[in-house]
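Enquirer: here are the coordinates; sequence isn't available:
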Ligand code: CDP
């Protein structure tokens with residue numbers, strides 16, 4: 001098999017596989033924040049995120065969410081279906097944190113009466129600006145039915161994962177998902193790991209996600225591993 005590099009992202013590299021419909025995703029130890037301004041290499045991050053993502057994608061599949069995940073290939077690599085990515089990020093928030101606190105002047109940690117859904121444009125150079133369905137339709141990034149599907153699926157993921165984390169003593173504060181087209185289907189793509197969500201201890205509200213890296217709280221990967229342990233994944 002000749003593996004050719006197709007795309008190199010901030011923390012993952014995408015390679016061709018011996019099947020034209022599938023790609024190999026390599027999880028590197030690179031960590032970035034603030035749209036790539038802050039960078040570091042964190043020992044074992046690639047392996048932890050690869051195995052964490054695989055575990056979550058399998059849980060989601062069991063709950064009826066279709067994802068790009070095919071199988072784990074090695075500690076740092078998984079085989080995925082090759083998607084044509086839709087350039088929007090779908091964010092759901094259960095508790096106030098991050099961008100929304102500044103934007104709306106609200107206190108960190110408040111629980112919303114119902115989950116909030118937001119779209120952002122995936123564009124680092126522009127700092128991933130917030131957009132709405134009108135922008136998505138006007139620029140032809142996705143159709144009305146694709147928008148509805150992404151929204152419905154992102155909320156479904158919230159039901160499944162809020163319960164999974166809640167049962168493990170963790171609050172799923174917020175998270176970001178990305179979707180892509182595969183033949184005539186839309187599949188959940190990218191990854192689900194503590195890099196793309198916020199997780200707090202339910203009692204102490206200790207931070208277990210990428211905010212540990214953003215805010216220099218220390219022992220980032222130790223905390224990712226503790227999340228894994230709590231949800232039943234031995235790493
Ligand atoms: O965290 P930040 O202020 O950059 O953005 P946010 O809109 O508050 O992020 C909401 C959730 O989406 C957090 O869990 C982020 O980690 C995640 N996110 C992400 O994974 N990638 C982005 N480009 C933006 C947000």
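Expert: Yep, that arrived. Please read all numbers here as calculations on a predicted model, not as lab measurements.
Enquirer: now this structure, which segments are flagged as low pLDDT?
Expert: 1 (pLDDT under 70).
Enquirer: Tell me how many other residues surround the residue lying closest to residue 226 once chain neighbours are set aside.
Expert: Once flanking residues are discounted, residue 226 sits nearest to residue 208: 6.5 Å by CB to CB, 6 or more residues apart in numbering. All C-beta atoms are positioned from the backbone trio N, CA, C, and that covers glycine. Residues near residue 208, counting by other CB atoms under 10 Å, number 24.
Enquirer: OK, contacts around residue 208?
Expert: By CB atoms under 8 Å, 6 or more residues apart in numbering, residue 208 lies in contact with 170, 194, 199-201, 223-224, 226-227.
Enquirer: can I get these in a markdown table with distance to the ligand and neighbour count?
Expert: Formatted as a markdown table, the contacts of residue 208 follow (distance: CB to the nearest ligand atom, whole Å; neighbours: other CB atoms under 10 Å):
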| residue | distance to the ligand | neighbour count |
| --- | --- | --- |
| 170 | 13 | 22 |
| 194 | 9 | 27 |
| 199 | 9 | 27 |
| 200 | 11 | 21 |
| 201 | 16 | 17 |
| 223 | 14 | 22 |
| 224 | 13 | 26 |
| 226 | 18 | 19 |
| 227 | 13 | 22 |
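Enquirer: For the ligand, what's the nearest residue on the chain?
Expert: residue 98 (2.3 Å; CB to the nearest ligand atom).
Enquirer: hang on, that residue packs against residue 196?
Expert: No: Residue 98 is beyond contact range of residue 196, at 11.7 Å (criterion: CB atoms under 8 Å).
Enquirer: who has more neighbours, the two?
Expert: Shown here are residue 98 and residue 196; by other CB under 10 Å, residue 196 has more neighbours (20 against 15).
Enquirer: Which member of the contacts of residue 208 is positioned nearest residue 216?
Expert: Distance to residue 216, by CB to CB, is smallest for residue 223 among those, at 13.1 Å.
Enquirer: helix/strand/coil for the closest one?
Expert: Put simply, residue 223 is helix when judged by DSSP: H, G, I helix; E, B strand; the rest coil.
Enquirer: Which strand residues bridge the residue nearest to residue 42 when sequence neighbours are not counted?
Expert: Using CB to CB, 6+ apart and skipping residues adjacent in sequence, the residue nearest residue 42 is residue 31, 5.0 Å away. Judged by DSSP bridges, the bridge partners of residue 31 are residue 40.
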